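Peer 1: 3D, please:
(one chain, ligands or ions: 1)
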Amino acid sequence: MGTSAPNEQIPKIPGYAFGSPESAHSPLTEKDVHELEQTIGWTEEDAARLQQHGDVFREQAEAMVDAWRAIIGSQPHLAHWFNGPYEKPDLDYKARVKPRFVQWVIDTATRPHDQAWLDYQEEIGLRHTPAKKNTTDERHTAPMVPLRFLLGFLPAVSDIRRFLQGRISDEATLQAVERSWSKAVLIEVTLWARPYTRDGLW
Ligand code: HEM
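Peer 2: Model (predicted):
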């Protein structure tokens, strides 16, 4: 698995550790990743298609995150994981996580599946678990997001049609981009599940 170009621009977002020594290191091998990609049906065409439409994702990333957050905010059992002591919403926490979430949309659409990418998937997974949740932003919210909600949120995050409409006019291309995006997200969230599972069971 290759590494990102050394002079590549890594955005300066507080707590965003992509490609930095602060990121966790994934114990997975290139073979593990390739087998998962194959299982999900991810191909070079998917990677190229998302990259080609990188500008659409860059333009729409914040609107996507706002829409997903509205869903979380509307369900108290989901909003709970952003609340501090006494169930008080931690608005600073939400504000700090948001630019990283927006950057994730762009990364997922445009970054190659290289070692830095794989390592950051391990990091994002850990940031949803007691090992690292709250640590990046020094918060005191609930200590983890249960795995079932990460998995359960996949349809919401996969449904990006309304963000592509009007920007990709060809219907077949639009559907293909949607499918490639869904696969990209499924690969990542499956990688995030690794730190939740007992050794050898992932
Ligand atoms: C498909 C499902 C999900 C995706 C794609 C996703 C994506 C992300 C991303 C990209 C980040 C920021 C990573 C970084 O720090 O660079 C993040 C952090 C976070 N997410 Fe999720 N997430 C998902 C599900 C959920 C759910 C269901 C909840 C709770 C209702 C949740 C709560 C959080 C919280 C609290 C953080 C901040 C963790 C910290 O303390 O660092 N996520 N998520």
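Peer 1: the closest residue to Gly54 other than its chain neighbours and Gln103, how far apart?
Peer 2: If the residues on either side of it in the chain are set aside, Gly54 comes closest to Thr110, at 4.5 Å by Cβ to Cβ, 6 or more residues apart in numbering. From N, CA and C alone the C-beta is placed, and that goes for glycine too. Note on Thr110: its distance to Gln103, by Cβ to Cβ, to the nearest Å, is 10 Å.
Peer 1: and for Ile13?
Peer 2: Remark: distance between Ile13 and Gln103 (Cβ to Cβ) = 6 Å.
Peer 1: so which of those two has more stuff around it?
Peer 2: Comparing Ile13 with Gln103 by other Cβ atoms under 10 Å, the one with more neighbours is Gln103, at 17 against 14.
Peer 1: list the helices and strands the host helix or strand of the more buried one packs on?
Peer 2: Element membership for Gln103, per DSSP states H and E: helix 91-110. Other helices and strands packing on helix 91-110, by 3 or more Cβ pairs under 8 Å, 6 or more residues apart in numbering; DSSP states H and E, are helix 44-52, helix 54-74, helix 115-127, helix 171-192.
Peer 1: what does the shortest one contact?
Peer 2: Around helix 44-52, the neighbours that count as contacts under Cβ atoms under 8 Å, 6 or more residues apart in numbering are 57, 108-110, 112-113, 176-177, 179-181, 183-184.
Peer 1: check the third one too.
Peer 2: With contacts defined as Cβ under 8 Å, 6+ apart, helix 115-127 is touched by 1-4, 17-19, 23-28, 33, 104, 107, 111, 132-133, 135-136, 188, 191-196.
Peer 1: could you rerun that using 7 Å?
Peer 2: 1, 3-4, 17-19, 23-26, 28, 33, 111, 132-133, 136, 188, 191-195 (Cβ atoms under 7 Å, 6 or more residues apart in numbering).
Peer 1: just the buried members of those?
Peer 2: By neighbour count, with 16 or more other Cβ atoms under 10 Å, the contacts of helix 115-127 hold 1, 17-19, 23-24, 26, 28, 33, 111, 132-133, 136, 188, 191-192, 194-195 as buried.
Peer 1: of these, list those near the ligand.
Peer 2: Contacts with the ligand within those, as defined by Cβ under 6 Å from any ligand atom: Lys133, Thr136.
Peer 1: how near is the residue positioned nearest the centre of the chain to the ligand?
Peer 2: Taking Cα atoms, centre = their mean, the centroid of the chain lies closest to Trp104, which sits 5.2 Å from it. Remark: distance between Trp104 and the ligand (Cβ to the nearest ligand atom, to the nearest Å) = 3 Å.
Peer 1: repeat for Val33
Peer 2: Counting by Cβ to the nearest ligand atom, the gap from Val33 to the ligand is 18 Å.
Peer 1: ok, Glu30 next?
Peer 2: 23 Å.
Peer 1: residues in this structure within reach of the ligand, list them.
Peer 2: So far as Cβ under 6 Å from any ligand atom goes, the chain lies against the ligand at 15-16, 72, 78, 81-82, 97, 100-101, 104, 124, 127-128, 133-134, 136-137, 145, 149-150, 153-154, 157, 189.
Peer 1: filter these down to the buried ones, PyMOL style.
Peer 2: Here is the PyMOL command that selects only those of these that count as buried (16+ other Cβ under 10 Å):
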select buried, resi 16+72+78+81+82+97+100+101+104+124+127+128+133+134+136+137+145+150+153+157+189
